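S.K.: Have a look; sequence and predicted model below, questions after that.
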Amino acid sequence: MQDEATVFADPNDRASQETDMAIELRNRDRERKLIKKIDETLASIESGDYGFCNKCGVEIGIKRLEARPTATLCIDCKTLDELKEKQMAK
């Protein structure tokens, strides 16, 4: 990305470039995290652990796996995690 960086005299152009770079970095980070999740999911398929909650061991529902194939938690455990997360944010 540094190869693409150009020094602009106009502050607006520079701000636009910085915003574009920030968006690109965020997208790359998301892609990197998704690839990691996909690799972990493939490993769990190979080991025979795919489709079971990492927390409670219950089978993850097929609809959840269809919606999010990389899911590692059942809907109940995920809901509890999200509730705890919201409480910690307050």
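M.R.: That came through, no problem. Since the structure is predicted, the reported quantities are computational estimates derived from the model, not experimental observations.

S.K.: Name the residues of the longest helix along the chain that come out as buried.
M.R.: As assigned by DSSP state H, the longest helix anywhere in the chain is helix 11-47. Residues Thr41, Ser44 are the ones in helix 11-47 that count as buried (16 or more other Cβ atoms under 10 Å). For glycine as for every other residue, the C-beta is placed from the backbone atoms N, C-alpha and C.

S.K.: Averaged pLDDT, the helix or strand following it. What do you get?
M.R.: Toward the C-terminal end, the helix or strand that comes next after helix 11-47 (DSSP states H and E) is helix 62-67. Helix 62-67 shows a mean pLDDT of 95.

S.K.: Dump helix 62-67 to PDB, keeping only the CA atoms.
M.R.: Output in PDB follows, covering the C-alpha atoms of helix 62-67 (Å, rounded to 0.1, in the frame of the first residue of the first chain):
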ATOM      1  CA  ILE A  62     -28.100 -27.000  10.800                       C
ATOM      2  CA  LYS A  63     -29.800 -23.700  10.000                       C
ATOM      3  CA  ARG A  64     -27.100 -21.800  12.000                       C
ATOM      4  CA  LEU A  65     -24.400 -23.700  10.100                       C
ATOM      5  CA  GLU A  66     -26.100 -22.900   6.800                       C
ATOM      6  CA  ALA A  67     -26.200 -19.200   7.700                       C
END
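
S.K.: which other residues reach it?
M.R.: With contact meaning Cβ atoms under 8 Å, 6 or more residues apart in numbering, helix 62-67 is reached by Gly51, Ala71, Cys74, Ile75.

S.K.: Now with 6 Å, please.
M.R.: Residues from elsewhere that reach helix 62-67 (Cβ atoms under 6 Å, 6 or more residues apart in numbering): Ala71, Ile75.
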